[in-house]
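S.K.: Below: sequence and its predicted model.
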Amino acid sequence: MIKLKQVYKAYAQGMLAVPILHDINIEIEGGEFVSIMGPSGSGKSTLMNIIGCLDRPTKGEYILNDVNVLAADEAHLALLRNQYIGFVFQHFHLLPRLSAVENVELPLIYGGERKKERRERALEALAKVGLSDRVGHLPNQLSGGQKQRVAIARAIANNPTFILADEPTGALDSKSGEQVMNIFTQLNEEGTTVIMVTHEEAVAAYTKRRIYIKDGEITQDRRMVI
Ligand SMILES: Nc1ncnc2c1ncn2[C@@H]1O[C@H](COP(=O)(O)OP(=O)(O)OP(=O)(O)O)[C@@H](O)[C@H]1O
Ligand SMILES: [Mg+2]
């Protein structure tokens, strides 16, 4: 469970603190499927980075699965990320010299698993995203949609509680985007909480709750009746 209370984030610009997020109050329960929408520069990625423990609020409270994130040190944050969170980015962030399966194995190495188990889990994750026939390919031998599916396999290899995706379909054609959203839908049906940023209504339409941000503030938070 994710609980943000009166979260405020500012960046220092010379002597000035420039506020980017303010009065952010969100609770996200296990199993939700949430999209975050809003204009460019409104603070969506900043918020995702805070939720993903890549960054900390300047003020406020963030509780992630009963842990007070503001009180946690760097090592503890890294552990939280590794245990609970899988990240998916717009531009995939795959390592170019590693094959698909080696890319998926990476987070498992940090998790301290044995080589054989790592390989099995990575292959399982790739099978789940429909890429069993591409495991040995390098990223530049894959299409955009396939690269994103490798990135999703990497995100789910650790069985995370939360998937955080920042514009995961932003660089994809509509068909590959649909495939990615179908995978997220399936993962959500299996119990994973999915939180994603998107600019596209058609993509947000897959989600069950939409949060709108403008100028660093939440302007709407709607649960869809399906
Ligand atoms: N490290 C930083 N230092 C200073 N300002 C920053 C930093 N990161 C982001 N900002 C500023 O914070 C604001 C929000 O940025 P953010 O990346 O969260 O927007 P966004 O909603 O994700 O936009 P987009 O839709 O274009 O991705 C922007 O004005 C940006 O310039
Ligand atoms: Mg962004």
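M.R.: Perfect, I can see it now. Ligands and ions are numbered 1, 2, ... in the order given.

S.K.: residue contacts, the spatially closest residue to Ala10 that is not a sequence neighbour?
M.R.: Distances taken as C-beta to C-beta, 6 or more residues apart in numbering place Ala17 nearest to Ala10, at 4.1 Å, with adjacent residues excluded. For glycine as for every other residue, the C-beta is placed from the backbone atoms N, C-alpha and C. With contact set as C-beta atoms under 8 Å, 6 or more residues apart in numbering, Ala17 has these partners: 10-11, 58.

S.K.: for Asn103, same thing?
M.R.: Contact analysis of Asn103 by C-beta under 8 Å, 6+ apart lists 94-95, 139, 150-151, 154.

S.K.: Helix or strand next in line after the helix or strand it falls within, which one?
M.R.: Here Asn103, judged by DSSP states H and E, is contained in helix 100-110. Counting by DSSP H and E, the next helix or strand C-terminal to helix 100-110 is helix 115-128.

S.K.: That following helix: how far from the chain's middle?
M.R.: Taking C-alpha atoms, centre = their mean, to the nearest Å, one finds helix 115-128 lying 20 Å from the centre of the chain it belongs to.

S.K.: Can you tell me which helices and strands it packs against?
M.R.: Judged by 3 or more C-beta pairs under 8 Å, 6 or more residues apart in numbering; DSSP states H and E, helix 115-128 is in contact with helix 100-110, helix 144-156.
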